[in-house]
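# Following is a predicted model, sequence given first.
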Amino acid sequence: MKVALVLTASTGGIGRHVASVAVRMRERGHQVRVFCPESTARAQGFAALGLEVHRLRDLRQTAGADVVHAHGYKAGGLAWPFARAHRTPLVVTWHNALLGHGTADAAARLLQARLARSADLTLGASSDLVAQARVLGARRAQLSPVAAPALPAPSADRAELRSALGLAPEDVVVLTVGRLAPQKNLRMVADVAAALRDRPDLVFLVAGDGPLRTELTGQVAAQRSRVRLLGARTDVADLLEAADLVLLSSTWEARALVAQEALLAGRPLVSTRVGGIAELVGGAALLVELDDVPAAAAAVTRLADDPGLRGDLAA
């Protein structure tokens with residue numbers, strides 16, 4: 001089968017998912033071409049994976065494909081006219097919810113509705129996205145759980161990694177990984193750390209960069225909390241090995257890759273109960289309501305003080 005995979009700018013989870021899917025399709029004997037911006041291909045290492053990559057401006061070359069699979073609303077909107085012109089079945093995976101209320105968000109909702117009615121198959125990364133697609137008139141919509149690609153093994157043992165991060169043996173490390181952007185709601189992480197200032201054994205590490213870095217830096221300084229902003233990192237496996245637990249504060253997630261990575265690494269997770277998180281983790285994490293800082297602080301404290309509970313969740 002000839003498959004055209006389409007995605008727009010992605011330095012994170014969607015691109016990693018497409019890379020994982022493309023490689024596995026090729027291993028099963030399918031012919032796969034990826035259409036994306038050069039920046040996405042470079043960030044995801046598509047060439048190093050041996051994938052055939054084309055620019056988005058060349059979508060006319062999807063002619064002859066047996067199926068066009070677009071990842072995200074923008075990618076679906078770009079691929080739809082070509083799929084229709086070539087009478088090629090169109091699959092669109094919805095990876096994210098539309099949460100804003102501005103003019104651009106209203107336009108995105110119109111596109112979302114059109115794609116729901118136009119796609120031959122709509123895949124949702126979480127059940128709430130599937131339900132939304134059906135409300136908007138999707139002909140076929142089903143859950144497509146996005147699995148986190150395997151992380152590499154840590155580059156050193158736990159003691160060495162913690163030492164390299166300047167951590168003391170008695171420190172309990174709370175790790176957050178994510179883009180410093182509104183959806184990740186990292187002000188909640190800073191507020192939790194501020195609420196636990198009287199616990200000098202707790203160290204909060206935030207790995208990631210983004211548009212809210214300056215704002216978050218100012219909040220941490222004003223609150224005088226033990227939060228260290230590590231910037232963009234590529235060594236998530238090492239950070240998970242060094243951490244004692246993971247804190248996810250997002251306003252919405254489908255199947256957050258970092259949540260999956262935390263559980264696969266055996267690190268207890270405290271997360272907001274949003275989107276598809278509850279169906280992803282089941283009983284393997286402590287969940288709190290969005291922006292409930294006291295509840296999140298209590299969950300972090302409970303895990304910090306109870307190695308047995310951490311072990312149970314890790315298992």
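Yep, it's here.
# so where does the residue nearest to residue 44 when sequence neighbours are not counted fall, helix or strand?
The shortest distance from residue 44 to any residue other than its chain neighbours is 4.2 Å, reached at residue 15 (C-beta to C-beta, 6 or more residues apart in numbering). The way it works is simple: take the backbone N, C-alpha and C, and place the C-beta from them, glycine included. Assigned by DSSP states H and E, residue 15 belongs to helix 13-27.
# next one: residue 153
Per DSSP H and E, there is no helix or strand for residue 153.
# Tell me which residues touch the nearest residue to it once chain neighbours are set aside, please.
What sits nearest to residue 153 in space, not counting adjacent residues and going by C-beta to C-beta, 6+ apart, is residue 237, at 6.7 Å. By C-beta atoms under 8 Å, 6 or more residues apart in numbering, the contact set of residue 237 is 151-155, 265.
# Now for the residues you listed: which two are most distant?
155 and 265 (13.8 Å; C-beta to C-beta).
# returning to what we had before: ok, the residue nearest to residue 44 - how many residues close by?
Using other C-beta atoms under 10 Å, residue 15 is surrounded by 23 other residues.
# Could you find the closest non-adjacent residue to residue 232?
Using C-beta to C-beta, 6+ apart, the nearest residue to residue 232 is residue 209, at 4.2 Å.
# so the one you found, which of the three states?
coil (DSSP: H, G, I helix; E, B strand; the rest coil).
# Residue 155 and residue 265: which has the busier surroundings?
residue 265 (17 against 12).
# Just say helix, strand or coil for the residue nearest to the more buried one when sequence neighbours are not counted.
Leaving aside its sequence neighbours, residue 265 sits nearest to residue 240 (C-beta to C-beta, 6+ apart; 4.2 Å). Under the three-state scheme (three-state DSSP), residue 240 adopts helix.
# Pretty sure residue 240 sits against residue 259.
No. Taking contacts as C-beta atoms under 8 Å, residue 240 lies outside contact range of residue 259: 11.6 Å.
# overlap in contacts of those two?
residue 246.
# before we move on, back to that, let me see the contact set for the residue nearest to residue 44.
7, 36, 40, 43-44.
# what's the span of stretch 178-198, first residue to last?
In stretch 178-198, first residue to last residue: 26 Å (C-alpha to C-alpha, to the nearest Å).
# What residues of that stretch count as buried?
Neighbour counts over stretch 178-198 (16 or more other C-beta atoms under 10 Å) mark 178-180, 183-196 as buried.
# Show me the helices in the stretch 1-150 of the chain, by range?
Using DSSP state H, counting those that start in this stretch, the helices found in the stretch 1-150 of the chain span residues 13-27, 38-44, 73-86, 103-118, 127-135.
# Now render those as CSV, adding mean pLDDT.
Shown next, in CSV, are the helices of the stretch 1-150 of the chain (pLDDT from 0 to 100):
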stretch, mean pLDDT
helix 13-27, 93
helix 38-44, 94
helix 73-86, 96
helix 103-118, 92
helix 127-135, 96
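# Output those in TSV; the columns should cover distance to residue 304.
TSV is the format used below for these (distance: least, C-beta to C-beta, whole Å):
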stretch	distance to residue 304
helix 13-27	28
helix 38-44	35
helix 73-86	40
helix 103-118	39
helix 127-135	32
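# gap between residue 133 and residue 140?
9 Å (C-beta to C-beta, to the nearest Å).
# which neighbours do those two share?
Contacts common to residue 133 and residue 140, judged by C-beta under 8 Å, 6+ apart, are residue 122.
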